[in-house]
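Trainee: one predicted model, sequence on top.
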Amino acid sequence: MKNIHVILIGYRDPTMLDRAIASLQHIGSHVEGVSVLGEKEGAFKKDAGTYKIRFIKEIQNNLSMNLASLIQTISTEYIMLLHEGDCLNANIKRVMLDLSKHQHILGYLRKVKNVTIHYPFLVRTAFIKRTTFFTRYRLPISEALMPAWLASIQNEGASIIEGSFISSMKNQGTASGQAIIEFIEKYQKRPTFEKQSPSLSIIMAHFNMEQYVGTAISSCLLQTSPAEEILLMDDGSTLHAYKELEKWSAHPEVKVFRKENGGKARALNDLLPQIETDFVMEMDADDWLDPDALMVIRNQLLHLSEDAVVLYGNLRTWKQRESGNLQFKGIRKGYPVRNKKELISYRFPLGPRIYRSAALKNTGFPLVEFEDGRMYEDVSVLNRLLMEGNLVYKDFTVYNVREHPASITKRNRSSWNDFLKFLD
């Protein structure tokens, strides 16, 4: 009975793609067709057998939207999902490829070194068509998409089975590969608190970052411990870029505002009256958070001294490649900053920055005369807050910085030295 359509995701290596398609012979009587998402037809070499294979080009490097569109065209009872490096083996014949009445998803475990990731494997087509996950969210790392979706609906008829019916040929031995696996694992974590933690919101200024802002906001929404509110200010972007931001106002916890272009400091100052939480984290529109970021931060805030006005930690950095992939560069370890001299000698932007809301509202983001207050607003506000209390460093890493050509955060030493002349 041909009741399964197979979707192969992320098979960039032609050899792995060949093996994955060839491995479908183990369930050949069930396979109605195969879709290869994100690859060109020329990548496949071997005989397809009796089922149809179609190759679907990924548009705009948006796996979520492309997958959502593909799923709507499938009419079989089930969809089988295989990910780059995975192929079936003979043990699949022991697996019942027919879900019970109350089952919607069958998942499997992929083990890489000391990390175990849950992946969906067999899904009822009618169920996955109803999900809005793929049209609502955009993830920074495409490999995280299906584990993140599975984590979001784990209480809706999902079963994970152990067994060796899937073989993986993908090597995650590189630094980037290991960092990606560790990032994906965090979607499976559940919140743990010692006691009621302080309330926490997120503020973000946006200027023509439509290519990345969806990923930034998605990372705020897909938290194991959600923020009370997410406040977004568009700083005079193009109409197209603003429309990309405005879409997110459909989420009840997201509020979108717009103003004429005046620089990041002014944009963030206009958001301050909207903050109603004890603490607020500032986020850039081209960066993103780990799935457990707010859970980690909330637990840090539980033990923060009353004289602390800012909490910060480490930064995980990634290089945006032209292919659309991300290359892990490393973790920038923070260290204590106690005065102005230590602040201006800090080797990189201090972050992530979680402000005590009352202190931030009291100082605001200073508008220094240099460049009309449009540069180094992070240093200006931290310098002012040092007069209000302490900047507290803790060793945690939950914030991801994307390095790309359009970024305006790279320091130009000549302008930096000019800026210091205007710093109080």
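Mentor: On my side now, so go ahead. The structure displayed is predicted, hence computed values, not measured ones.
Trainee: give me the buried positions along the helix or strand hosting residue 69.
Mentor: Using DSSP states H and E, residue 69 maps to helix 63-71. Within helix 63-71, the residues scored as buried using 16 or more other Cβ atoms under 10 Å are 63-68, 70-71. Yep, even glycine has a C-beta here, placed from its N, CA and C like the rest.
Trainee: who's in contact with it?
Mentor: 7, 9-10, 35, 37-38, 56, 58-59, 79, 125, 128-129, 133-135, 137-139, 142, 145 (Cβ atoms under 8 Å, 6 or more residues apart in numbering).
Trainee: narrow the residues you listed to those that are buried.
Mentor: For those, buried by 16+ other Cβ under 10 Å: 7, 9-10, 35, 37-38, 56, 58, 79, 125, 128, 133-134, 137-139, 142, 145.
Trainee: in the stretch 51-200 of the chain, which ranges drop under the pLDDT threshold?
Mentor: Scanning the stretch 51-200 of the chain for pLDDT under 70 picks out 60, 163, 170-173, 191-195.
Trainee: filter the buried ones among the contacts of helix 63-71 down to just the ones in strands.
Mentor: 7, 9, 35, 37, 56, 79 (DSSP state E).
Trainee: could you dump these into CSV and include distance to residue 417?
Mentor: Shown next, in CSV, are those (distance: Cβ to Cβ, whole Å):
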residue, distance to residue 417
7, 54
9, 49
35, 56
37, 50
56, 52
79, 58
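Trainee: farthest pair within the residues you listed?
Mentor: Using Cβ to Cβ, the two most remote members of those are 56 and 79, lying 13.9 Å apart.
Trainee: what's the single longest helix in this structure?
Mentor: As assigned by DSSP state H, the longest helix anywhere in the chain is helix 175-185.
Trainee: buried sites along that helix?
Mentor: Applying a neighbour-count criterion of 16+ other Cβ under 10 Å, one finds 176-177, 179-185 buried in helix 175-185.
Trainee: now the helices: where do they sit in the chain?
Mentor: Secondary structure of the chain (DSSP H): helices located at 14-22, 63-71, 125-130, 133-136, 145-152, 175-185, 213-221, 239-246, 264-271, 293-301, 340-344, 357-363, 377-385, 413-420.
Trainee: chain center to the shortest one, what's the gap?
Mentor: Just to be clear, that refers to helix 133-136. Here the centre of helix 133-136 is set off from its chain's centre by 13 Å, with Cα atoms, centre = their mean, to the nearest Å.
Trainee: so what touches it?
Mentor: By Cβ under 8 Å, 6+ apart, helix 133-136 touches 64-65, 67-68, 71, 145, 148-149, 152-153, 218, 251.
Trainee: sorry, back to before: next, the angle helix 145-152 makes with the longest helix of the chain.
Mentor: When axes from the mean of the first three to the mean of the last three Cα atoms, to 10 degrees is applied, the directions of helix 175-185 and helix 145-152 differ by 20 degrees.
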